[in-house]
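Engineer: No sequence on hand, only this structure:
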């Protein structure tokens, strides 16, 4: 192995993990979170919901299949930093374009390897997620002092950072042909993953993404057959303007909310959101559909959850997390509106709930039939 | 939670019949004891009455506290029907007893028995079993749900096979339907191979059907373990990637979990497919799906179709039941598949079953691993040096090891250590490779070492990948191991280098070899530099939740999850490692019983083992489980961890076979305490010289003999003793390299072989061909309790593990019986045994005209292969007795007394079971080297009925009018006369080779002559076996000389491949034929009913 530079991960509670520096040789600060998915590092790194966070993967060997042309979920790496037990520089895959280390380096994102990531995970599990910083040119106490002077995760609005600046039509890797009467779905981009738009496109929809601060009237002026509120990073309590837009859309067009979009719609219907101790991040989260009793294995990435206590009676909790009973899905009793806290678009993760996109499009078509 | 009464669930079962998998054979090993035991426990938790049937006494599942009623009876339709008629179960759980249990359930259903007695199949509908097992229907199902399968055709005779070959083209894979471990299958590259394999496969398949399939040789092979419940919730427990690509049976492949070279896209594509299949089959329980995935196009001659997003894949096979892979997946993830499958079968839903690892989440989730698991098969070629070592679609491994660590290299390194292959460390190379390196690296049991050797010779990993089809990722990783080897050879051993080597899984012994130090010096350096392993928990959830199950593996990291619990009395039970010939499931049985006995006594039980198939590595068998290699380094490390700076808990080394006993010396030198017999006692019994002195001082006779080191010593010694002599290296397992030597020439040849094998003395004993007797005993230093005496059916000269044995003895005089008890008692006391001891005797009155004629031939100061058998038939809990002795409770305090326990009013026969049809090129004759892989028991009121049942259960039963082929050695002809008459009386038509035919004719009996000279006309001996003319063979051997063995080799192999009984000992033949004189009935009763006369 090549001689590597030492680096350390310093947590705001004072715990320090020593490792070696990979990726870009820069400092990075963010909320430290863990993901238990055993595959899908490229998709996770490019997931905008990780904005403002340092990600550690609990699976110890990362980079095995390199980096592929097809697997980015947005235009760039979104995590602030990456923490692994081992970063392999010898990937094997026919279509691999570069190593994971090269990919991180090119994106200016630091990675610290050689860490006892299980110890880190256990720490986060028992103490809750915490701010941390990756550094290779400071002592631990210097880094800690700097870290304490930087803003805490919950105070920043990362949505503005990751959302699109301008309206655009999504054409990524879909066939060019769309019929005149193809349903038009507007995606309110709070940090959307490409695979959400890909699923809509594959189902024959015209897909338009709009910036996070687009108002309801501006969205409706695009003539949508349905609007999808996307996932995204950060505390939903900071997103009053998005709740405001949602208020203008509900009842006027079918709505689907995913992850942060779900939380925003929860707020719209009177609920508060709260921060989970260490969140749900992984590809193995069991969610029970309260109507059928059937359990789905879902892909998740969220640190906040909807508190069902204040929820308007017009909205029912349709799905719950099997492990901690938190709200995983809501359904409006009258309006064509449903939400999921998890990621039916997977990427990474199981494809078991892709059918929810069909359900959404069904409500879109029913709207046409009834109007 | 939804209420449970309002759904579509069927009626809850109240009384369930569970079928075990029978004897251990290649392809069906301890994993089904694990599955069956979990199923019985799950039924008990659910309040369901369980009835268990198995023919294999060496299983935990047949312990009487596991199921509510236990039958140890042959697994036949007749027996099962009688049990159903008596017990009247309302349901049958068919998916936990391997292929044997599944096939039997299908037979029972097809015979109308389930319907007649109103027995419902639980878990998986019969239709799904048929669908999954019938290739044509399964392929049709795949087509229907849009899942790809390789082009293939079902073939039921040779003409169809020719047509299929012409349509698809060679090379072709041939897979017989309904066989275990791929028996009878193979890959055909030439027309000759194709004909041979197809014909063999048709014969092996109980429905005369094989599948001929497009060859995906070199494609990646992956397996998914999936589960489904009655609410249609489906989860994946684990995916596994075979390091060896398609072409090598998955049971013979090195396997990693989770997959290493799959992107999320690939991973989810196959996961989705697996879930689609389990849904389409309607399975309620567990299922295993095997896939072939297109390899990198730059390394293969047979690439698949590939788009930017997806690789081509094919569904290869589905097992609609718990399997070897599901046992591996359970141990790799901590998710108890068999337990959950049993509960689903009983009507539970995944989200209603608690995840017993976390105690608070449910079984409806998918395990997340934060480590890498490597499994390596354990092959029997150390015992069968002349067997065909090539690996193909027919499984050859007898067992496997698993290791866990945070890197692939470290898991692999520990797995290699766990194999316990004597001198074959990860550095091993075949001496022949110096001269000529096998550049094509064919798939054999030695390929892993070949790959490392190639990398040491600077062969490019991509080049190796092209030759072997192994993904370059794995080869690059092996390359890192080789790079570290070089650094250890050339650089100074610094703390950084040592840490790197330990983090890459290098054992102290390997580091020592490379860095020119003794293993203990490396250990001392580690202590000096504070390089100790920590222990991480296997918790199903990658640390996301706090887990309550203490299941640990070592790794060189920062934080230790396995914080010791001092203050409690604790003991370590050292397990027995991989299943191999000579050290089978019996020792796992003992380890499990020991752990339980400790718990029952309020002592914390700590268990260490490396075998993923077993009950002992079930996380709820012990209070703490360490999944570790069973070598001195690993055991000392975990004891150091348990000590936590204070005193280490004592280790019990007498239950884990030779693996555990061999650790005694090292532990003692490290000043670590040993519970029970001391290292000194063990050495006294195992060191031939010391032992001889001891027993001659006691006045216990043994066959004359002595230990020699050189041929110069051996020849005069053998001369003085008188031929024939029994020769063997000391400290061996299962009679490895043991032989009966008839003259000086043979002795010279043996010595050459023995010296090549390993150093150390060779034992030469007078070979006494008498009745062989075996006893197990427990001793507390004052009393010696012998639960029973076992008499072998075959005379001395056949390894005790390959002999049939009967309890109580049928042919001993009271005087001989007394002598056996007296000698056993005196030796146990003199050796100061604390715990178990096993003694073998030979009865040779002629050699001892003045005395009882009882000679000691072997003493083992540990538990033996017969402990489960004798414990079950006598009802004496030998292992718990021994454990309590170690805890300081005397035999008398435990309510027993010294001496021979009174005979029970039953007869029990233990019979060996072989896996010879899977091992091409291996000779099947019985001799002093052990060859069997498993055992069965027949128990009844009379000897004839018991032996009849043992013969049925071990597939050597013959019937009246079965035509026999006889080919007898001259030395056995006189003795065979009564047997020949007996066969004639039973209406058995006789066929015989040259000399034997003359003998039969001389007796005035009708006989058909068949030549044994294969080049001299037809029909010859092989023809009459292959075309079904004869149904059994008796073939005795002249002696141990290779020239004589060659003679009958073709006869024996042909019989093996046609799966007809082939007796190489007249004693066994007599035992199988004798009961036919009293035809008809045997009983079918629970074991306890025979034993306790209920």
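Structural biologist: Cool, got the structure. What you see is a predicted model; the values in this text were computed from it and never measured. Residues are numbered from 1 along each chain as shown, chains lettered A, B, ... in the order given.
Engineer: Let me see the ranges of the strands in the stretch 251-371 of chain A.
Structural biologist: For the stretch 251-371 of chain A, strands defined by DSSP state E, counting those that start in this stretch occupy the ranges A:255-258, A:272-289, A:295-307, A:315-321, A:327-332, A:337-340.
Engineer: Buried residues, the longest one. List them.
Structural biologist: Using 16 or more other CB atoms under 10 Å in any protein chain shown as the burial criterion, the residues of strand A:272-289 that qualify are A:273, A:278-289. Where you see a C-beta, it was placed from the backbone N, CA and C, and this is true even at glycine.
Engineer: Take the strands of the stretch 251-371 of chain A and lay them out in CSV including distance to residue B:238 and mean pLDDT.
Structural biologist: Listed next are the strands of the stretch 251-371 of chain A as CSV, based on distance: least, CB to CB, whole Å; pLDDT from 0 to 100:
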stretch, distance to residue B:238, mean pLDDT
strand A:255-258, 29, 98
strand A:272-289, 11, 97
strand A:295-307, 13, 98
strand A:315-321, 22, 97
strand A:327-332, 24, 98
strand A:337-340, 26, 98
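Engineer: right, and these - which one's nearest residue B:650?
Structural biologist: strand A:272-289 (40.3 Å; CB to CB).
Engineer: Work out the gap between the closest one and the centre of the chain.
Structural biologist: Relative to its chain's centre, strand A:272-289 lies at 12 Å (CA atoms, centre = their mean, to the nearest Å).
Engineer: ok, it: who's next to it in the sheet?
Structural biologist: Partners of strand A:272-289 in the sheet, by DSSP bridges, are strand A:295-307 (antiparallel), strand A:315-321 (antiparallel).
Engineer: where does chain B dip in pLDDT?
Structural biologist: B:1-10, B:180-182, B:306, B:308, B:730-737, B:753-760, B:1039-1047, B:1078-1080, B:1094 (pLDDT under 70).
Engineer: near chain B, which residues of the stretch 1-150 of chain A show up?
Structural biologist: A:1, A:17, A:34, A:36-40, A:42-43, A:58-61, A:64-65, A:68-71, A:85-86, A:90-95, A:116-119, A:121-122, A:125-126 (CB under 8 Å from any CB of the partner chain).
Engineer: For stretch B:640-655, measure first residue to last.
Structural biologist: 21 Å (CA to CA, to the nearest Å).
Engineer: Also stretch B:360-367?
Structural biologist: End to end - CA to CA - stretch B:360-367 spans 14 Å.
Engineer: Give me the contact list for that stretch.
Structural biologist: With contacts defined as CB atoms under 8 Å, 6 or more residues apart in numbering or on different chains, stretch B:360-367 is touched by A:283-286, A:288, A:295, A:297, A:322-323, A:350, B:227, B:229, B:233, B:235-238, B:333-335, B:340, B:343, B:349-355, B:540-541, B:545.
Engineer: re earlier: need the winner for burial among the strands paired with strand A:272-289.
Structural biologist: Counting by mean count of other CB atoms under 10 Å in any protein chain shown, strand A:295-307 has the highest mean neighbour count of the strands paired with strand A:272-289, with a mean of 24.
Engineer: and the angle for that one with strand A:327-332?
Structural biologist: 80 degrees (axes from the mean of the first three to the mean of the last three CA atoms, to 10 degrees).
Engineer: what bridges to residue A:87?
Structural biologist: residue A:62.
Engineer: how many neighbours does residue 343 have?
Structural biologist: Assuming you mean chain A. 26 (other CB atoms under 10 Å in any protein chain shown).
Engineer: wrong chain, I was asking about chain B
Structural biologist: 26.
Engineer: same deal with residue A:334?
Structural biologist: Based on other CB under 10 Å, the number of other residues close to residue A:334 is 8.
Engineer: who touches the nearest residue to it once chain neighbours are set aside in this structure?
Structural biologist: Spatial nearest neighbour of residue A:334, chain neighbours left out: residue A:314 (6.5 Å); criterion: CB to CB, 6 or more residues apart in numbering or on different chains. Neighbouring residues of residue A:314 by CB under 8 Å, 6+ apart: A:269, A:332-335.
Engineer: Pick the one among those closest to chain B.
Structural biologist: Top of the list for closeness to chain B, among those and by CB to the nearest CB, is residue A:333 at 19.9 Å.
Engineer: Show the contacting residues for the closest one.
Structural biologist: A:314-316.
Engineer: and residue B:397, what does it touch?
Structural biologist: By CB under 8 Å, 6+ apart, the neighbours of residue B:397 are B:26, B:251-252, B:377-380.
Engineer: What are the boundaries of the strands in the stretch 251-400 of chain B?
Structural biologist: Going by DSSP E, counting those that start in this stretch, the stretch 251-400 of chain B shows strands at B:255-257, B:285-293, B:313-319, B:372-378, B:399-405.
Engineer: of all these, which lies closest to chain A?
Structural biologist: Per CB to the nearest CB, nearest to chain A of the strands of the stretch 251-400 of chain B: strand B:372-378, 6.4 Å.
Engineer: Touching that closest one from outside, list them.
Structural biologist: Counting by CB under 8 Å, 6+ apart, A:60-61, B:251-258, B:260, B:328, B:332, B:397-408, B:410-412, B:414-416, B:418-419, B:445, B:448, B:578-580, B:612 sit against strand B:372-378.
Engineer: same thing but at 6 Å, please
Structural biologist: Residues from elsewhere that reach strand B:372-378 (CB atoms under 6 Å, 6 or more residues apart in numbering or on different chains): B:252, B:254-257, B:328, B:332, B:397, B:399-404, B:408, B:411-412, B:415, B:419, B:578, B:580.
Engineer: Run through chain A and note the low-pLDDT ranges.
Structural biologist: A:1-3, A:172-176, A:368-371.
Engineer: The helix or strand in which residue B:605 is found packs against which elements?
Structural biologist: Element membership of residue B:605 [criterion: DSSP states H and E] is strand B:604-609. Contacts defined by 3 or more CB pairs under 6 Å, 6 or more residues apart in numbering or on different chains; DSSP states H and E place strand B:604-609 against strand B:570-574, helix B:585-600, strand B:624-627.
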